[in-house]
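Q: Predicted model, plus sequence, below.
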Amino acid sequence: MFASNMLAGKTALVTGSTSGIGYAMASKLAESGANVVLHGLMDSAEGEALRQEFEQKYGVQCLFNGADISTADGNEELVAASLEKYGEIDILINNAGIQFTAPVEDFPVAKWDAIISINLSSAFHTTRLLVPGMQQRGWGRIINIASVHGLVASLNKAAYVAAKHGIVGLTKVVALENADKGVTVNAICPGWVDTDLVAAQFQARADRDEVSFEEGKRSVIVEKQPMPKATPPSSLGDLALFLCSDAAATITGSSLPMDGGWTAQ
């Protein structure tokens with residue numbers, strides 16, 4: 001679909017990229033020639049192994065950083081290390097996120113603060129720190145990984161839904177502020193995605209109902225999605241790659257669902 005070296009000479013920072021959606025996106029960008037900054041909470045030995053894996057597999061430069069992005073200082077540390085290594089960041093994917101569920105009256109304040117800081121405030125910090133360089137160079141791509149919960153709500157997810165709605169709003173504002181500067185800003189809004197984390201939910205349903213994993217998976221998915229299929233992380237990586245392409249140069253301020261029809265209802 002795209003030239004194998006489409007992003008040669010570009011550098012991408014992907015938060016939360018040691019597994020799941022973020023890993024898939026970092027892989028797609030590296031496969032297309034971009035140097036990458038991998039980020040996640042793993043120890044330095046694991047991070048080094050992952051860095052080497054990317055360099056050997058894709059033939060690009062790679063940096064791993066394990067900064068705690070729940071604080072402004074942590075985000076500044078991540079960005080500073082990235083700029084020290086590469087000098088500039090052309091593509092920013094704000095993917096890192098955490099989840100907790102409880103009714104609002106029982107929602108722990110510490111959990112609220114953690115979800116807002118990692119799922120929303122981190123995207124603000126990385127954006128404010130990196131967008132000036134993109135403006136100066138006249139080219140940049142910012143992709144915020146929201147969720148269907150940036151567009152609709154579900155029970156017991158007050159902090160997550162608030163943060164993801166905030167991501168959609170942040171996306172729109174930064175897109176407008178940069179519409180004439182060569183910098184596009186978009187949000188991707190996945191529904192059910194085939195990740196290890198979600199697989200645990202599918203298995204729990206299968207165990208509860210005493211059915212196979214696939215039956216449990218389908219049962220969970222169709223409660224929300226008309227299409228009884230979870231999105232492969234690689235497909236989300238392809239969408240991110242498209243948003244980095246010249247073909248998407250006039251797509252900005254958009255929130256793009258990949259959700260099996262969830263938000264069409």
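A: Yep, it's here.
Q: all strands in the stretch 101-250 of the chain, in order from the N-terminus.
A: Listed in chain order, the strands found in the stretch 101-250 of the chain under DSSP state E, counting those that start in this stretch are 140-145, 183-190.
Q: Show me what the shortest one is packed up against.
A: By that I understand strand 140-145. Judged by 3 or more C-beta pairs under 8 Å, 6 or more residues apart in numbering; DSSP states H and E, strand 140-145 is in contact with helix 20-31, strand 91-94, helix 122-137, helix 158-177, strand 183-190, helix 233-244. For every residue, glycine as well, the C-beta is placed using N, CA and C.
Q: still on that earlier bit, go through the strands of the stretch 101-250 of the chain and name the closest to Ile98.
A: Across the strands of the stretch 101-250 of the chain, the minimum distance to Ile98, taken as C-beta to C-beta, is reached by strand 140-145, at 12.7 Å.
Q: Need the residues that contact the closest one.
A: 21-22, 25, 90-95, 97, 123, 127, 130-131, 133-134, 167-168, 170-171, 174, 178, 181-188, 190, 236, 240, 243-244 (C-beta atoms under 8 Å, 6 or more residues apart in numbering).
Q: re the thing from before, would you turn the strands of the stretch 101-250 of the chain into JSON lines with distance to Gly9 and mean neighbour count?
A: What follows is those, written out as JSON lines (distance: least, C-beta to C-beta, whole Å; neighbours: other C-beta atoms under 10 Å):
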{"stretch": "strand 140-145", "distance to Gly9": "14", "mean neighbour count": "26"}
{"stretch": "strand 183-190", "distance to Gly9": "17", "mean neighbour count": "25"}
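Q: Save those as a markdown table, and put in distance to Asn75 too.
A: Supplementary listing: the strands of the stretch 101-250 of the chain in a markdown table, determined by distance: least, C-beta to C-beta, whole Å:
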| stretch | distance to Asn75 |
| --- | --- |
| strand 140-145 | 14 |
| strand 183-190 | 17 |
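Q: And these: which comes nearest Ala248?
A: strand 183-190 (6.9 Å).
Q: Now, of the contacts of strand 140-145, which are buried?
A: Among the contacts of strand 140-145, the ones that count as buried by 16 or more other C-beta atoms under 10 Å are 21-22, 25, 90-95, 97, 123, 127, 130-131, 133-134, 167-168, 170-171, 174, 178, 183-188, 190, 236, 240, 243-244.
Q: tally of neighbours for the closest residue to Ala81 other than its chain neighbours?
A: Excluding the flanking residues, the one nearest Ala81 by C-beta to C-beta, 6 or more residues apart in numbering is Asn65, at 5.0 Å. Asn65 has 21 neighbouring residues, counting by other C-beta atoms under 10 Å.
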